[in-house]
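# show me how the following folds:
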Amino acid sequence: MLGRVRVVLVNTSHPGNIGGAARAMKNMGLHQLVLVDPQRFPDDNATARASGADDVLRDVRIVSTLEEAIGDCVLVMGTSARDRRIPWPVVDPREAADMVLDQLAVQDDAQIALVFGREDSGLTTEELQRCQFHVHIPSMPDFSSLNLAAAVQVLAYELRMQGLLREGSSTKMHKLETTNRQANVLVTADEMERYFQHLEQVLIEIGFHDPQKPRQLMPRLRRLYGRVQIDQVEMNILRGILTETQKAIGVQAAGERRR
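Take a look at the predicted model:
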């Protein structure tokens, strides 16, 4: 759906910001970039800042006026960091993302524009009045102006996050340890029980645990370990620590591991 969302940059003065915006877009799955009367483009600085988002730059559409950029759009949102004293509907980036996705869901051919203004002065009052909604990024009031590419990143990120949530997809990356086949293979209850037996024995040997006066030590340790899921690699580390502890205090471990 995000293929129907376009980012419109108005009268951008620095080509590096165009490249940065293209990179931010591609990071979050947006590809339509429209430039309204850019001061310098194409430009090597744009390509360098895009950092691989060359396809977004290659497909850029350049137009002369904002009207050309948004003429076929059913929803136009303009970003503004300043209070223009105009009674216009204002939303934050998260609300804007919800509205965009709602519109895309109910209208299969809907085209939507997110409009960003000049680096030094943003959008003019007339340009903002061509947008149904104004998007305000709630930055610090005494330093509210964001870099252009950063502003694009904020809105693109919110669209990506809300889109993933609606799809039921995870918003977190689960890092897998690929260097060891035992990683992320959880230990069994029997393996945990053997570990607790080994742990209790070592605690007795170092004088930390008195079975005659247990003070609920082992139940508390069981509860502590129960809060996490331990995999095979982690268990090997824990058992190894216990075995080396026994060697250090001069107690001969029964085999390489207690079974």
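# so which bits of the helix or strand where Val233 lies are buried?
Assessed by DSSP states H and E, Val233 sits inside helix 232-248. Neighbour-count burial for helix 232-248 flags 232-235, 238-239, 242-243, 245-246 (criterion: 16 or more other Cβ atoms under 10 Å). Where you see a C-beta, it was placed from the backbone N, CA and C, and this is true even at glycine.
# mean confidence for that helix?
Helix 232-248 comes out with an average pLDDT of 95.
# what does stretch 209-224 give?
On average, the pLDDT along stretch 209-224 is 92.
# and for stretch 164-177?
Here stretch 164-177 scores 76 as its mean pLDDT.
# try stretch 18-35
Averaged across stretch 18-35, the pLDDT comes to 97.
# got the buried residues for that stretch?
Residues of stretch 18-35 classed as buried: 18-26, 28, 30-35 (neighbour count, 16+ other Cβ under 10 Å).
# show me where the protein has strands.
For the chain, applying DSSP state E gives strands covering 5-10, 32-36, 61-63, 75-79, 90-91, 112-116, 133-135.
# TSV for these, including distance to Thr188?
Shown next, in TSV, are the strands of the chain (distance: least, Cβ to Cβ, whole Å):
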stretch	distance to Thr188
strand 5-10	48
strand 32-36	52
strand 61-63	59
strand 75-79	54
strand 90-91	51
strand 112-116	52
strand 133-135	52
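# what angle separates the longest helix that the chain contains from strand 112-116?
Selection of the longest helix in the chain by residue count, based on DSSP state H, yields helix 148-167. On the basis of axes from the mean of the first three to the mean of the last three Cα atoms, to 10 degrees, helix 148-167 is oriented at 150 degrees to strand 112-116.
# between helix 148-167 and strand 5-10, how many degrees?
Using the same axes, to 10 degrees: helix 148-167 against strand 5-10 is 170 degrees.
# what's next to helix 148-167, contact-wise?
1-2, 5, 7, 9, 12, 17, 19-21, 23-25, 27-30, 49, 79, 93-94, 96-98, 100-101, 114, 116, 119, 135, 137, 146, 170-171 (Cβ atoms under 8 Å, 6 or more residues apart in numbering).
# list the contacts of Leu123.
Contact analysis of Leu123 by Cβ under 8 Å, 6+ apart lists 10, 78-80, 115-117, 131.
# now do Ile137
79, 81, 92-93, 144, 146, 151, 154.
# confidence score at it?
With respect to pLDDT, Ile137 scores 92.
# now Asp83
Taking Asp83 on its own, its pLDDT is 55.
# also the one 3 residues further on?
Turning to Ile86, the model gives it a pLDDT of 64.
# same thing with the one 4 residues further on?
Note for Val90: predicted pLDDT of 91.
# need the contact list for the residue lying closest to it once chain neighbours are set aside.
Of all residues not flanking Val90 in the chain, His134 sits nearest, at 4.8 Å (Cβ to Cβ, 6 or more residues apart in numbering). Contact partners of His134, counting by Cβ under 8 Å, 6+ apart, are 77-80, 88-91, 128.
# how much space between His134 and Pro89?
Using Cβ to Cβ, to the nearest Å, one gets 7 Å for the distance from His134 to Pro89.
# ok, now Glu167?
27 Å.
# ok, Ile70 next?
Relative to Pro89, Ile70 is positioned 17 Å away (Cβ to Cβ).
# ok, these two, which is more surrounded?
Counted by other Cβ atoms under 10 Å, Ile70 and Pro89 do not tie: Ile70 has more neighbours, with 24 against 11.
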